[in-house]
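**Student:** Structure, please.
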Amino acid sequence: MQQAADVLAERDAIQANLIELDRGYARQALDGATLTGRTRQRWEAASATLTELWQTYIAYTAVVDRVAELGRGGHPAFKDLPELTRLLTGPSVHPARAAVPLSRRDLADTGRRALTLDASVAAMRRAFTEVAEVTSAVEVVWADVGGPLDAAAAELSRLQPLLPGLGDEVAAAFGAAESSLESLRTGMNSDPLALWQHGRADTSAADRLNEQVRVVAARVAELDRLRAQAQRRIDALEAATVAARAARQDAAADWHGAAERISGLPPLPPDIAAPPLGSLTSLATAGRWARLEAELVRCERELADGVQQTHELQRSVETALGHRDELRGLLDAYKAKAARLGVGENPDLAARYEQAHDLLWTAPCEPAAAEAAVARYQQAILEEGRRR
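**Tutor:** Got it, this is the predicted structure:
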């Protein structure tokens, strides 16, 4: 009998899905957890629904077993047909019901229900969907949020042995990250559905935690690297300072030489100070790595500023001398042009030339006055050229 065979196949599918739901990690974990908030409310309702689902299934499967017994071999006895028909089509399923409080009970309520096989399946399907929606959402939250939290926990565990001696600032940042992790993990375990938003897990808090841990890890790595290379870095600072002060001395000598030949040079910058090597070494010896890092950064920045000032000093000297030499070349070029025009002996032009020449070859040269004199000589020759 095909209908009986279909009922048996449907019962087997229902049984397999119910067992999978009942044995699922999320359902078992929720049953054993101390839940709060939205998850507690929804799981209490889902647990009650799951209990009713099993009660319905027990009553339903008893009827299906009787159907299988009557329809053995696909050819039920003629005398069993009325019972078999009643079981397949009538209200044959009588699931147990939880006691209803007297205040909510109808006067004629017998406390019993009677469902057809189809109605039983429909009721179980609705109940299964309701429970599965809760467990599936919880599983997604635990997977999508738990993964980033596990990653943060692993990184904090890796950093833990590196902390001693790195200072209170790093210890406080590490402690804050640990507290955030513990708070998020507690919330995720007790109320995972608080993180279920618009059909997806909200990982924003976990993402912020991982960024917080990344910042701590970067700072720990920086100070741990300094701890391993402290003396080398102090020695490098000393060597760089010696080289910078020698370059500053050479640049100052060039400046003094240029100042004898050209006026208006920018003033000499301050000397490059020697770093406090003794105090830096003491900080390294005492293991005060955060303070040492701050002092080294300050010294390196001041040294970089001094080196930059030396480069600017060198450029200013080179620029001033180059400009003077450029004016000399320009003056000679226009003298040659005057000769080609046949006005080289012109008294006015000769006087202009002598004035510019004296300004350019007299020490110290005044660049602005010399440039103006060359420009006047140049203009006079150009006018002579136009007249001719």
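**Student:** just for the stretch 251-388 of the chain, where's the confidence low?
**Tutor:** Scanning the stretch 251-388 of the chain for pLDDT under 70 picks out 388.
**Student:** One more pass at 90, please.
**Tutor:** Along the stretch 251-388 of the chain, segments meeting pLDDT under 90 span 264, 266, 269-270, 284-291, 293, 334-335, 337-347, 349-350, 362-363, 380-388.
**Student:** Strands of that one, residue ranges please.
**Tutor:** Here the stretch 251-388 of the chain has no strands by DSSP state E, counting those that start in this stretch.
**Student:** where exactly do the helices run in it?
**Tutor:** 277-286, 289-341, 347-361, 367-387 (DSSP state H, counting those that start in this stretch).
**Student:** Compare these and give me the one nearest P91.
**Tutor:** Closest approach to P91 among the helices of the stretch 251-388 of the chain (C-beta to C-beta): helix 289-341, 78.3 Å. Backbone N, C-alpha and C define where each C-beta goes, glycine included.
**Student:** Against S279, how distant is the residue nearest to the spatial centre of the chain?
**Tutor:** Centroid-nearest residue in the chain: E211, 4.7 Å away (criterion: C-alpha atoms, centre = their mean). Applying C-beta to C-beta, to the nearest Å, the value for E211 to S279 is 35 Å.
**Student:** same deal with R232?
**Tutor:** Counting by C-beta to C-beta - R232 and S279 are separated by 18 Å.
**Student:** And for R200?
**Tutor:** Applying C-beta to C-beta to R200 and S279 gives a distance of 55 Å.
**Student:** Could you do D325 as well?
**Tutor:** For D325 relative to S279 (C-beta to C-beta), the value is 48 Å.
**Student:** residue contacts, A338?
**Tutor:** By C-beta atoms under 8 Å, 6 or more residues apart in numbering, the residues touching A338 are G344, N346, L349, Y353, I381, E384.
**Student:** Run a quick neighbour tally on the closest residue to it other than its chain neighbours.
**Tutor:** Among residues not flanking A338 along the chain, G344 sits closest, at 4.7 Å (C-beta to C-beta, 6 or more residues apart in numbering). For G344, the neighbour count with other C-beta atoms under 10 Å is 15.
**Student:** Run the angle between the helix or strand containing A172 and helix 289-341 for me.
**Tutor:** In the assignment (DSSP states H and E), A172 maps to helix 168-190. Here helix 168-190 runs at an angle of 110 degrees relative to helix 289-341 (axes from the mean of the first three to the mean of the last three C-alpha atoms, to 10 degrees).
**Student:** Identify the residues contacting the helix or strand following helix 168-190?
**Tutor:** Reading on from helix 168-190 to the C-terminus, the next helix or strand found by DSSP H and E is strand 196-197. For strand 196-197, the surrounding residues in contact (C-beta under 8 Å, 6+ apart) are A137, V138, V140, V141, D202.
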